[in-house]
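Student: Fold the following.
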Amino acid sequence: MQNLLKFIQKYSNFLVFLLLEVAAFLLIMQNSAYPKSTVLSTCNSIVAWNYSVEDAILSYFRLKEDNEQLQQENAMLRNQLVLYANEREQTKEQITYRYAHLQHHFVPAKVIQMHIGGQKNYMTINKGARDGISEGMGVLGPIGVVGVVSTVGQQFSIVIPITSNSGFCVSCRMQKNSQIGTLKWDGKDDSHALLTDIESHIEVVPGDIILTSGLSETFPENIPVGVVEEAEVKDGDATWTVRVKLYTDFSKLSYIQVIDNDIASKELEQLRSEMD
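Tutor: Numbering: from 1, shown residues only. Take a look at the predicted model:
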C-alpha cells in the first residue's frame, strides 16, 4: 500500500495529465461527428483484423473438415454431370434458351466470423466492395445455397444465411418434376428449412432433391439446396408442408462463393425501366 502511495505521489503530475487527456478526448468524441466516425471506423477495422487473425489460427485445426467438404463438393459435381448428361437429349435451341440468362461469375471468399444458433443469424466474409461484392448477391457453400449479402464494406461483408428470421427466402423446384415452391427457415434448427406452395396432388416423398428454380436474380437455376426429409398435407390444406434437410452444414462452413450476376441484373433493370 505504501509503495502504491509513493508511486502515485511521484507520478501525480503525469497521472493528472493523462486523466485530463482522456476527458478531453471523450468530450471531442461526443460533440464532433467527424472524429467520432473516424474512431468508430478504426475500431471496426481493428475488430475485423482480430477476426481474421482468430480465423487464421482456427483454420489450421479445421484442415480435416475442409478436406471433407472438398470431397463432398466433388461428389456433388459428379452428380451434376450426370444430370447434365441426361439433358443432352434436348435440342440445341432449348439448351441455348435455358442458359442464356446465366451471365455471372463467382467470387471466392472465406468466412471469418459466424453467429449461428439464434433467430437472426449472420456471418462475416473477407471480401467487400473493392472485390466487386454488392448487396443482394447470392452466396453458395461447397455443396449448396448459403444466403445473401446484406451489408458491404470496402474489405468485408455481412451475409444473412437462409437459416435466419430475416424474411429471406429462396425460389426452388423439385428435381424430379420441376414443381416450383418457396424455401424459408422455420426457426427450429440450422440444418432444415420448409418448402411451401407445392400443391397436394403432386407426389412428394423423402429423398426428393430440391434445387434453385432460377426465377430470381439472386441464384441461377439448378443449384443444390437440400433433400426432402419429411412431407405432409395437413387437414384442410391444399399444399404440402415439406421439411428439407439442407446440404449446407453451417457448423463447418469455411469457404463460400458470392454470385456476381451484375450483367444480367443491369439488363433486367433496363428492360423494366423501358416497360414503365
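Student: all contacts plus neighbour counts: C-alpha atoms, from now on.
Tutor: Noted.
Student: can you count the residues close to Tyr247?
Tutor: Applying other CA atoms under 10 Å, we find 20 residues neighbouring Tyr247.
Student: isn't it right up against Glu229?
Tutor: No - counting by CA atoms under 8 Å, Tyr247 stays clear of Glu229, with 11.7 Å between them.
Student: who's in contact with stretch 115-127?
Tutor: 52, 109-114, 133, 154-161, 163-166, 187, 189-190, 250 (CA atoms under 8 Å, 6 or more residues apart in numbering).
Student: mean confidence score for that stretch?
Tutor: Per-residue pLDDT over stretch 115-127 has a mean of 89.
Student: Same check on stretch 191-206?
Tutor: 94.
Student: Could you give me the buried positions within it?
Tutor: The neighbour-count check on stretch 191-206 (16 or more other CA atoms under 10 Å) flags Ser191, His192, Ala193, Leu194, Leu195, Thr196, Ile198, Glu199, Val204 as buried.
Student: mind saving the C-alpha coords of that stretch as CSV?
Tutor: What follows is stretch 191-206, C-alpha atoms only, in CSV (Å, rounded to 0.1, in the frame of the first residue of the first chain):
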residue,chain,number,x,y,z
SER,A,191,-29.9,-27.7,-40.8
HIS,A,192,-33.5,-27.7,-42.0
ALA,A,193,-36.0,-25.3,-43.8
LEU,A,194,-39.6,-25.6,-45.0
LEU,A,195,-40.6,-25.8,-48.7
THR,A,196,-44.1,-24.4,-49.3
ASP,A,197,-46.5,-23.8,-52.2
ILE,A,198,-46.3,-27.4,-53.6
GLU,A,199,-49.9,-28.4,-54.4
SER,A,200,-51.2,-31.5,-52.6
HIS,A,201,-51.8,-33.6,-55.8
ILE,A,202,-48.1,-33.5,-56.6
GLU,A,203,-46.1,-36.5,-55.4
VAL,A,204,-43.6,-35.6,-52.7
VAL,A,205,-41.6,-38.3,-50.9
PRO,A,206,-38.5,-38.3,-48.6
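Student: ok, and what's touching it?
Tutor: So stretch 191-206 is contacted by 163, 179-186, 227-231, 233, 237-250 (CA under 8 Å, 6+ apart).
Student: This structure: strands as residue ranges?
Tutor: According to DSSP state E, the chain carries its strands in the segments 105-115, 122-125, 138-140, 145-152, 157-161, 170-174, 180-184, 192-196, 209-212, 224-232, 241-246, 255-260.
Student: picking that back up, out of the contacts of stretch 115-127, which are buried?
Tutor: Neighbour-count burial (16+ other CA under 10 Å) applied to the contacts of stretch 115-127 gives 52, 109-114, 133, 156-161, 163-165, 187, 190, 250.
Student: show me where pLDDT drops low in the stretch 1-150 of the chain?
Tutor: Residues of the stretch 1-150 of the chain meeting the criterion pLDDT under 70: 1-9, 11-12, 15, 23-47, 49-50, 58-104.
Student: which residues touch stretch 132-144?
Tutor: Contacts to stretch 132-144, defined as CA under 8 Å, 6+ apart, come from residues 69-70, 72-73, 76, 127-128, 145-152, 157, 159, 218-219, 223-226, 246-248, 253, 255-261.
Student: which stretches of the chain form helices?
Tutor: 2-10, 12-31, 33-60, 63-86, 92-99, 262-275 (DSSP state H).
Student: I am finished for the moment; much appreciated.
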